[in-house]
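Asker: this one's sequence-less:
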């Protein structure tokens, strides 16, 4: 989630612009920016990260 909100800020995107790129609603982008983690599944976050070209690696300790 931090990676997504950082990406949005670094690209100086409005939430509506980020929503188009991520293929989600603007309120969903607001949830990302405000780090409302309880509202997201891991699958949803991985899907959004893949849409912006960010690789995801899952590791277990």
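Answerer: Looks like it arrived, so ask away. Because the structure is a prediction, the values reported are computed rather than measured.
Asker: for the protein, which segments count as helices?
Answerer: Secondary structure of the chain (DSSP state H): helices located at 2-10, 15-22, 26-33, 42-51.
Asker: for the ones you listed, give me TSV that also has mean neighbour count, mean pLDDT and distance to residue 59.
Answerer: In short, each C-beta sits where N, CA and C put it, glycine included. Below are the helices of the chain laid out as TSV (neighbours: other C-beta atoms under 10 Å; pLDDT from 0 to 100; distance: least, C-beta to C-beta, whole Å):
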stretch	mean neighbour count	mean pLDDT	distance to residue 59
helix 2-10	14	95	15
helix 15-22	16	97	24
helix 26-33	17	96	22
helix 42-51	14	94	13
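Asker: would CSV of these with distance to residue 57 be doable?
Answerer: Below are the helices of the chain laid out as CSV (distance: least, C-beta to C-beta, whole Å):
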stretch, distance to residue 57
helix 2-10, 12
helix 15-22, 20
helix 26-33, 20
helix 42-51, 10
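Asker: which non-adjacent residue is nearest residue 51?
Answerer: Using C-beta to C-beta, 6 or more residues apart in numbering and skipping the chain neighbours, the partner closest in space to residue 51 is residue 22 (5.5 Å).
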